[in-house]
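Asks: just coords:
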């Protein structure tokens with residue numbers, strides 16, 4: 001079973017529009033969806049419309065939300081070059097036992113797409129969905 005850790009931008013995009021193609025992630029079989037309270041707060045903060053915030057709550061009901069991980073980086077490889085604000089996302093993915101970190105963050109995670117960092121494969125949502133079709 002794949003364990004997908006969803007970054008804030010994936011949560012935001014799935015909730016922003018009721019017909020978002022990213023909502024397909026919630027209908028996959030043999031997949032467990034996980035995110036962190038840190039990612040949820042970032043997505044919620046950026047969603048202005050009340051309908052979108054309601055959709056976010058509905059999506060979260062079908063996921064596991066893990067607490068923000070401890071600040072340590074001992075689980076991360078030393079060569080990981082990410083901005084400080086993205087480290088909690090990767091740490092939470094690692095600590096939650098995720099097999100994949102699903103993100104649309106090209107500017108920060110882009111150099112790592114397709115690679116594994118601390119055992120977690122970094123992929124864009126569309127790339128993961130193509131592996132499942």
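Replies: Arrived safely, thanks for sending. Just so you know, these numbers come straight off a predicted model, no measurement behind them.
Asks: give me the number of residues near residue 86?
Replies: 17 (other C-beta atoms under 10 Å). (Each C-beta comes from the backbone N, C-alpha and C, glycine too.)
Asks: What of the one 10 residues further on?
Replies: Other residues lying near residue 96 total 20 when counted by other C-beta under 10 Å.
Asks: State the distance from it to residue 111.
Replies: 23 Å (C-beta to C-beta, to the nearest Å).
Asks: do residue 10 as well
Replies: 18 Å.
Asks: and what of residue 123?
Replies: Distance of residue 123 to residue 111, computed by C-beta to C-beta: 13 Å.
Asks: Looking at these two, which one has more neighbours?
Replies: Remark: of residue 123 and residue 111, residue 123 carries more neighbours, 21 against 11, as counted by other C-beta under 10 Å.
Asks: so that one makes contact with residue 115?
Replies: No: look at residue 123 against residue 115 with C-beta atoms under 8 Å: they stay out of range, at 9.6 Å.
Asks: Just the strands from this protein, written as ranges.
Replies: For the chain, the strands defined by DSSP state E occupy 2-6, 31-36, 64-66, 100-102, 116-117, 120-123.
Asks: what about the third one, distance to the chain center?
Replies: Using C-alpha atoms, centre = their mean, to the nearest Å, the mean C-alpha position of strand 64-66 is found 11 Å from that of the whole chain.
Asks: Would you mind listing the outside residues contacting it?
Replies: 32, 33, 34, 35, 36, 37, 40, 92, 95, 96 (C-beta atoms under 8 Å, 6 or more residues apart in numbering).
Asks: hey, where'd the helices end up in this protein?
Replies: 8-16, 37-46, 50-60, 87-95, 106-109, 125-131 (DSSP state H).
Asks: buried ones in the last one?
Replies: To tie it back to what came earlier, the one meant is helix 125-131. Neighbour counts over helix 125-131 (16 or more other C-beta atoms under 10 Å) mark 125, 128, 129 as buried.
Asks: just the third one next, same as before
Replies: Of the residues in helix 50-60, those with enough neighbours to count as buried (16+ other C-beta under 10 Å) are 52, 55, 56, 59, 60.
Asks: what's the closest non-adjacent residue to the third one?
Replies: Spatially, and ignoring its direct neighbours in sequence, residue 56 is nearest to residue 15 (3.8 Å; C-beta to C-beta, 6 or more residues apart in numbering).
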